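any chance you could fold what I've pasted below:
(one chain, ligands or ions: 1)
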Amino acid sequence: MFSLIAAIGQNRELGKNGQLIFHLKDDMNFFRETTSNHKVVMGRKTWESLPSKLKNRKNIVISRHDFSGPDQIVHNLAQFIKKHQNTDEEIFIIGGGSIYSTFLPHAQNLYLTEISASDLAADTFFPKFDQTKYNKTLIRKGTENGLNYSISKYTLK
Ligand SMILES: NC(=O)c1ccc[n+]([C@@H]2O[C@H](COP(=O)([O-])OP(=O)(O)OC[C@H]3O[C@@H](n4cnc5c(N)ncnc54)[C@H](OP(=O)(O)O)[C@@H]3O)[C@@H](O)[C@H]2O)c1
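Reported below is the predicted structural model:
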């Protein structure tokens with residue numbers, strides 16, 4: 001089973017110049033708590049944006065190339081999706097934009113930190129999705145550095 005986890009702005013902004021736009025401690029804590037001890041799947045560009053491998057998680061990177069560092073590199077995305085989508089194991093898809101778009105049609109859950117801010121210079125966006133197809137549960141909300149945010153879980157009906 002796949003779950004997408006992302007932090008997005010008002011226009012579904014995800015990143016710019018290969019980096020995150022918003023930096024909220026609570027979002028980072030939620031990300032760590034939620035994904036620890038699970039497999040995390042990311043695109044090669046998101047992998048390169050990380051300061052280091054994510055601890056206590058199996059780091060799986062999608063790329064057409066081979067390189068060292070990740071625990072696993074996946075070349076054949078279709079095969080990977082087929083193998084894992086109907087299992088009980090929750091596998092977290094952690095970005096970026098291209099990988100969220102590919103996995104959205106195959107995902108059971110979306111964990112979204114929605115931040116009340118925008119950035120006109122954003123160059124990567126979370127895909128549009130039909131909210132009526134999901135049940136939404138608020139996990140928590142707060143304000144940090146003057147930014148209001150809410151963390152919710154969307155589960156396919
Ligand atoms: N706000 C958030 O929650 C969040 C989370 C994660 C990332 N981000 C941001 O998102 C941005 C990066 O996203 P992105 O869309 O530019 O890049 P990305 O999705 O992280 O990585 C794209 C790369 O993944 C590989 N890939 C994608 N589809 C593939 C396929 N079908 N088969 C094989 N390989 C495939 C390719 O790697 P190769 O070129 O090596 O073949 C491609 O260049 C950054 O700004 C990052 O900070 C934000």
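
tell me the predicted confidence for Gly70.
No Gly there; residue 70 is Pro. Looking at Pro70, its pLDDT reads 98.

brain fart, Leu50
On pLDDT, Leu50 comes in at 97.

what of Thr132?
97.

please apply the same query to Leu4.
With respect to pLDDT, Leu4 scores 98.

wait, a strand at it?
Yes. Under DSSP: H, G, I helix; E, B strand; the rest coil, Leu4 sits within a strand.

just confirm it contacts Gln108, I think it does.
No. In this structure, Leu4 is not within contact of Gln108 by Cβ atoms under 8 Å, at 9.4 Å. For every residue, glycine as well, the C-beta is placed using N, CA and C.

neighbour count winner among these two?
In this view Leu4 and Gln108 are compared by other Cβ atoms under 10 Å, and Leu4 has more residues nearby, 24 against 14.

so where's the protein shaky on pLDDT?
Across the chain, nothing is flagged by pLDDT under 70.

going along the chain, name the helices of this structure.
25-35, 44-49, 77-84, 97-103 (DSSP state H).

burial of the spatially closest residue to Phe2 that is not a sequence neighbour, as a residue count?
Excluding the flanking residues, the one nearest Phe2 by Cβ to Cβ, 6 or more residues apart in numbering is Ala107, at 4.5 Å. By other Cβ under 10 Å, 20 other residues sit near Ala107.

likewise Phe126?
Counted with other Cβ under 10 Å, the neighbours of Phe126 add up to 24.

touching, it and Gly96? I think so.
No. Using Cβ under 8 Å as the test, Phe126 is too far from Gly96 to be in contact (9.3 Å).

what's near enough to touch the residue nearest the centre of the chain?
Closest to where the C-alpha atoms of the chain average out (Cα atoms, centre = their mean) is Ile94, at 2.9 Å. Contacts for Ile94 (Cβ atoms under 8 Å, 6 or more residues apart in numbering) come out as 5-6, 31, 35, 40-42, 46.

closest one of the residues you listed to Val74?
Distance ranking of the contacts of Ile94 against Val74, using Cβ to Cβ, places Val41 first at 7.5 Å.

gap between that closest one and the ligand?
Separation of Val41 from the ligand (Cβ to the nearest ligand atom, to the nearest Å): 10 Å.

sorry, back to before: now the common contact residues for Phe126 and Gly96.
Here Phe126 and Gly96 have Leu14 as joint contacts, going by Cβ under 8 Å, 6+ apart.
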